[in-house]
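1. everything below, folded, please.
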Amino acid sequence: MLLEARDGTVEQYEGHLWLGFFATSLVLADVLAEAGTPRDILVGHSGGEVSALVVAGAMTVHDAAQVLCLRTKAVDSSGLPGSGMVALEAPVDRVRALCAAADDQTLTIAVDNGPRQVVISGLDEGLVRIEDAAVALGIKSTRLGIPSAYHNPILGGTQDHGAPLPFVIVSSSARGAKNGRY
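-> Predicted coordinates for the structure are as follows:
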């Protein structure tokens, strides 16, 4: 088994989410290709960039699944206390201000999905403060089912699991054309 829950079971283990997203992304790419959609540009975020590399032929499905499993194991072994992610229906500048007001250095913008959809990550205590503030301000918030603070500098100390990665990830901060952001 590539990934197992801490108690040895395979049921309801959050680490399997990434493999599910990965498989879904590959199936969707095939559906689009069969519908005649050209593959001129491949983009992805988080695990999605790994899917894009597979679709582009830059890595195998096996190697990509291995990378995602190693990533999950590294996060699981980080020793990070309870953490997670919250999606907020608000502009990024307002969310930044909320994070600053919460006075928790673990809170960060994890994903800026668009003009009114931002995801933050951090330790649970700070996330609860943000969720409470969002309710008070009439901002819709949703706690995501991701069990860790992905896309957050507090994960910078994750352990190397000794397995060589089958490729080097090239990342980019390229953004869309509308106002240079979306």
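2. what ranges do the helices span in the chain?
-> Along the chain, counting by DSSP state H, helices occupy 16-34, 47-55, 61-76, 92-102, 124-137.
3. counting contacts, what elements does the fourth one pack onto?
-> Spelled out, it's helix 92-102. strand 108-114, strand 117-123, helix 124-137 (3 or more CB pairs under 8 Å, 6 or more residues apart in numbering; DSSP states H and E). To be clear about C-beta, it is placed using only N, CA and C from the backbone, and glycine gets the same treatment.
4. so which of those is nearest Arg143?
-> With CB to CB as the measure, helix 124-137 is the member of the helices and strands packed on helix 92-102 nearest Arg143 (6.9 Å).
5. which of the helices and strands packed on helix 92-102 is buried the deepest?
-> strand 117-123 (a mean of 22; mean count of other CB atoms under 10 Å).
6. between the helices of the chain, which one is nearest to Val86?
-> helix 124-137 (5.3 Å).
7. in this protein, where is pLDDT below threshold?
-> 1-15, 45, 157-182 (pLDDT under 70).
8. can you pull the contacts of the residue nearest to Thr60 when sequence neighbours are not counted?
-> Distances taken as CB to CB, 6 or more residues apart in numbering put Val54 closest to Thr60, at 7.1 Å, once the chain neighbours are dropped. Val54 makes contact with Leu26, Thr60, Val61, Ala64, according to CB atoms under 8 Å, 6 or more residues apart in numbering.
9. how many other residues sit next to Cys69?
-> 19 (other CB atoms under 10 Å).
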